[in-house]
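Visitor: turn this into a model:
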Amino acid sequence: MNLQLDNKLFLVGGATSGLGKAITEQLIIEGAQVIAIARTESKLKELQKSSRKIEIVVGNLSEELVLDKILAQIGNRTLTGAVINSGGPPAMPVLDTRISDWDEAYKNVIRWKIALTQALLPKMMEQNYGRLLYIESVSVKQPVENLVLSNSMRLAIVGYVKTLSQEIGLSGVTLNILGPGYHATQRMENLFKKNSELKGTPEAEIRSTFAKQTATGKIGRPEDFASLAVWLLSPHSQYITGQTISVDGGLVKGTMG
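Guide: The predicted model follows:
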């Protein structure tokens, strides 16, 4: 299938690792131009070596100055879509959290996403086209153990995206959320390690336990996740908006998963 993304401009957050990197690489394969955003300049420059179609912006998406850098990088060009993605809050159980942890989680999970959306949306609505894709977590459908900050804060984005998609449904701009389950990323490795420490169980055993929770019995591949993400960023997804789609190998057991 031709996804009709040749020379279209996209923004991708968290572009140097995990799911963000996989989406960036798939967009490049489809002929798109990508503005890649991440915190580590050396990793961004290494990624940029793989294609002339990659531009870079260095910075933490939760910082307002980075938003200014992103908008300057886009300039007067037409932005076709954006992958709103960044790392999540630290793993911890409820009783280990402090109010300061919740304040920081709001800043890192909610605030910047709304600011970026509100900055990008007017021009997309003016051009009667746009694709906004938020990478959240399967935890918005089914809580993940020891991830209370993520379980709680990401649900706010679901409410925000659903509401906004209804308000601007006639604009030609779609907004959707992907909820990744257990994929082979550094984020998951950190979660395995945290659970290993809390339970006194070897990481390999923890990893096997997580895999067995899925219907497919395995941890997902970032490139498989990216294939759906890139399709949702394409014109073919015009009749899908306001949706939260789990990509989880059958981890969520509920009928609305």
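
Visitor: contacting residues for the closest residue to K43 other than its chain neighbours?
Guide: Nearest in space to K43, with sequence neighbours left out and distances taken as C-beta to C-beta, 6 or more residues apart in numbering, is T16 at 3.9 Å. Placement of C-beta: from N, CA and C, glycine included. By C-beta atoms under 8 Å, 6 or more residues apart in numbering, T16 lies in contact with 36, 38, 40, 43-44, 46-47.

Visitor: and with 6 Å instead?
Guide: 38, 43-44, 47 (C-beta atoms under 6 Å, 6 or more residues apart in numbering).

Visitor: can you tell me how far it is from G87?
Guide: From T16 over to G87 the distance is 11 Å, taken as C-beta to C-beta, to the nearest Å.

Visitor: direction included, what does the biggest strand by length in the chain pair up with?
Guide: In the chain, ranked by residue count with DSSP state E as the criterion, the top strand is strand 173-180. Applying DSSP bridges, strand 173-180 is found paired with strand 130-135 (parallel), strand 244-247 (parallel).

Visitor: can I get that strand in PDB, CA atoms only?
Guide: Taking C-alpha atoms only, strand 173-180 is exported to PDB below (Å, rounded to 0.1, in the frame of the first residue of the first chain):
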ATOM      1  CA  VAL A 173      -7.400  17.100  11.500                       C
ATOM      2  CA  THR A 174      -7.500  13.700  13.300                       C
ATOM      3  CA  LEU A 175      -6.300  12.900  16.800                       C
ATOM      4  CA  ASN A 176      -5.600   9.400  18.000                       C
ATOM      5  CA  ILE A 177      -3.800   7.600  20.700                       C
ATOM      6  CA  LEU A 178      -1.800   4.400  20.600                       C
ATOM      7  CA  GLY A 179      -1.400   2.400  23.800                       C
ATOM      8  CA  PRO A 180       1.700   0.200  23.600                       C
END
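
Visitor: host element of A72?
Guide: Assigned by DSSP states H and E, A72 falls within helix 64-74.

Visitor: from the contact counts, what lies against that helix?
Guide: When contacts are defined as 3 or more C-beta pairs under 6 Å, 6 or more residues apart in numbering; DSSP states H and E, helix 64-74 sits against strand 54-58.

Visitor: tilt between the strand it packs on and helix 64-74?
Guide: Orientation check (axes from the mean of the first three to the mean of the last three C-alpha atoms, to 10 degrees): strand 54-58 against helix 64-74 gives 160 degrees.

Visitor: let me see the mean pLDDT of strand 54-58.
Guide: Strand 54-58 carries an average pLDDT of 98.

Visitor: report the longest helix in the protein, please.
Guide: helix 148-167 (DSSP state H).
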